[in-house]
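Trainee: sequence and predicted structure below; questions after.
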Amino acid sequence: MKRVVTVLAVVMAAMFLGLGYRTEASAGTLGTKGVWFSFFEYADAGLGPDVPESEFRTNANLLFARIKSNGCNTVYFHVRSFDDAIYPSKVVKWSKRITKNKEDGLDYDPLKIVISYAHKYGLKFHAWMNPYRVTMKKVLDPGKESTTERIVAQVKEIVKNYDVDGIHFDDYFYPTNEKKYNKVSKAKRKQNVNKMIRAVYKTVKAGKKSLKFGISPAGNIEYCEKIGADVKTWMSEKGYVDYIIPQIYWSDRYILNGKKTKLFTDRLKEWQEINTNDVPMYIGLALYRAGCKLSDDTGWGKSSSNLVKQLAKIRAANTEGYVLFSYVDMYRETAYPEYKKFLSQVSTMRINCKKKTLRVGKKFRLRMSASISRVQNHIKWRSSNNRIAKVTKYGTVKAKRAGKVRIYGYYGSKKRSCVIRVKGKKKT
């Protein structure tokens, strides 16, 4: 379940055909490389509350440039977190994370701006909504027709007025902390939620058939069903979702009943098994846990290779991508040793020269290009023999004396190399 995280420094699917879906990615490839950007992150990103429009635009541009530099192609951006909106809505009031003036709001439209900058950098923009939550302890009653009507009205508002690529729901459905819902049976909960989900799906498709509607349920299927998230139906029948993002937020060193359990692997397999309609599935990954010492999930503190191993399993499972929770952790110092390895695996690397002959005293600039631009600034260089040729931290090779040497460029677990042959004698 996507936890309310204290910020720790604080597709997309193709149209379905026949009996199932056509996936957009072939085996082992990653069609969607996404990140969640939550309402908790507005302030740190300079997006609220009550930021002047010029400053908001500058900060939004920087935000999406950085997301792109991390190799992402899709953003799931929080637009409704507590029965509210980050744009002028006729259905709900303004989000207090964007403005303290919940009645009159801002004199500009933040949602139009963030969508425009996302698209500027070639990113898909999915409007992330929490359908039921009003406060951390209160929700709209999922059993009431008025609740579904309110949610559908806001979805329709977004689809009609904004150039979004999709609508996205998270994992909060029936609450576990309100006694009045305890008497509602599991079957009834699923029935009420399914009614809302079908209505939203129809609304999204009525707006534009190419738009996608997807959900990121909790990674525990049993828990999903307890709170009314009928994931088995969503992934076996048409008319519910275009994609699913299970939040498989555990390592393979999870302590369950006193024993170490490969919980990520086990849960991934469970989600594969229930996906009988071949719904495009991206895996939600817990970047927010990278580098953290957790008593019940020791893998995150004992290894910096959890995400890399999970990525390999995602590829092997023929899923269509991943989504990271969340943006802020891409720049959290304690997460970077793990995240660096992850980036090295999703980035392709090339070196501009495989072989080169230099005269003594001459220089040559080696360049290693990365498909993820953030990686570019962290490449390290090493010479196999500094007496023959040295290399600077910027990749400039200087020939010193006759011989043959190999120059290596490194990023994370990936490396590329070039053979340098030096001719001539050093001048005395």
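Mentor: In hand now; what should we look at?

Trainee: what packs against the helix ranked longest in the chain?
Mentor: For the chain, the helix with the greatest residue count under DSSP state H is helix 186-207. Helices and strands touching helix 186-207, by 3 or more C-beta pairs under 8 Å, 6 or more residues apart in numbering; DSSP states H and E, are helix 145-161, strand 166-169, strand 212-215, helix 221-226, helix 231-234. Backbone N, C-alpha and C define where each C-beta goes, glycine included.

Trainee: what's in contact with it?
Mentor: Residues from elsewhere that reach helix 186-207, judged by C-beta atoms under 8 Å, 6 or more residues apart in numbering: 131, 142-143, 147-148, 151-152, 155-156, 159-160, 166-167, 169, 173-174, 181, 184, 211-213, 215, 225-230, 233-234, 239-241.

Trainee: buried members of those into PyMOL, please.
Mentor: The following PyMOL line selects those of these that are buried, judged by 16 or more other C-beta atoms under 10 Å:
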select buried, resi 131+142+143+147+148+151+152+155+156+159+166+167+169+173+174+181+184+211+212+213+215+225+226+227+228+229+230+233+234+240+241
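
Trainee: helices of the chain, start to end?
Mentor: 53-69, 110-120, 145-161, 186-207, 221-226, 231-234, 263-274, 299-302, 306-316, 336-346, 373-376.

Trainee: let's have the ones you listed in CSV, adding mean pLDDT and distance to residue 290.
Mentor: Output for the helices of the chain, formatted as CSV (pLDDT from 0 to 100; distance: least, C-beta to C-beta, whole Å):
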stretch, mean pLDDT, distance to residue 290
helix 53-69, 98, 17
helix 110-120, 98, 25
helix 145-161, 98, 32
helix 186-207, 97, 32
helix 221-226, 97, 23
helix 231-234, 98, 26
helix 263-274, 98, 13
helix 299-302, 96, 6
helix 306-316, 96, 7
helix 336-346, 94, 4
helix 373-376, 90, 16
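
Trainee: out of these, flag the one nearest residue 355.
Mentor: helix 373-376 (23.0 Å; C-beta to C-beta).

Trainee: can you point out the buried residues in the closest one?
Mentor: By 16+ other C-beta under 10 Å, the buried positions in helix 373-376 come out as 374-376.

Trainee: any chance of those in JSON lines with distance to residue 119 as columns?
Mentor: Formatted as JSON lines, the buried residues of helix 373-376 follow (distance: C-beta to C-beta, whole Å):
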{"residue": "374", "distance to residue 119": "20"}
{"residue": "375", "distance to residue 119": "24"}
{"residue": "376", "distance to residue 119": "23"}
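
Trainee: ok, the residues you listed vs residue 414, which is closest?
Mentor: Nearest to residue 414 among the buried residues of helix 373-376, with distances taken as C-beta to C-beta, is residue 375, at 8.9 Å.

Trainee: coming back round to it: so for residue 281, which of the helices of the chain sits nearest?
Mentor: helix 263-274 (6.7 Å).

Trainee: now for that closest one, which elements pack on it?
Mentor: By 3+ C-beta pairs under 8 Å, 6+ apart, helix 263-274 packs against helix 221-226, strand 254-256, helix 306-316.

Trainee: and the ones you listed as a markdown table, adding distance to residue 74?
Mentor: A markdown table is the format used below for the helices and strands packed on helix 263-274 (distance: least, C-beta to C-beta, whole Å):
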| stretch | distance to residue 74 |
| --- | --- |
| helix 221-226 | 23 |
| strand 254-256 | 28 |
| helix 306-316 | 15 |
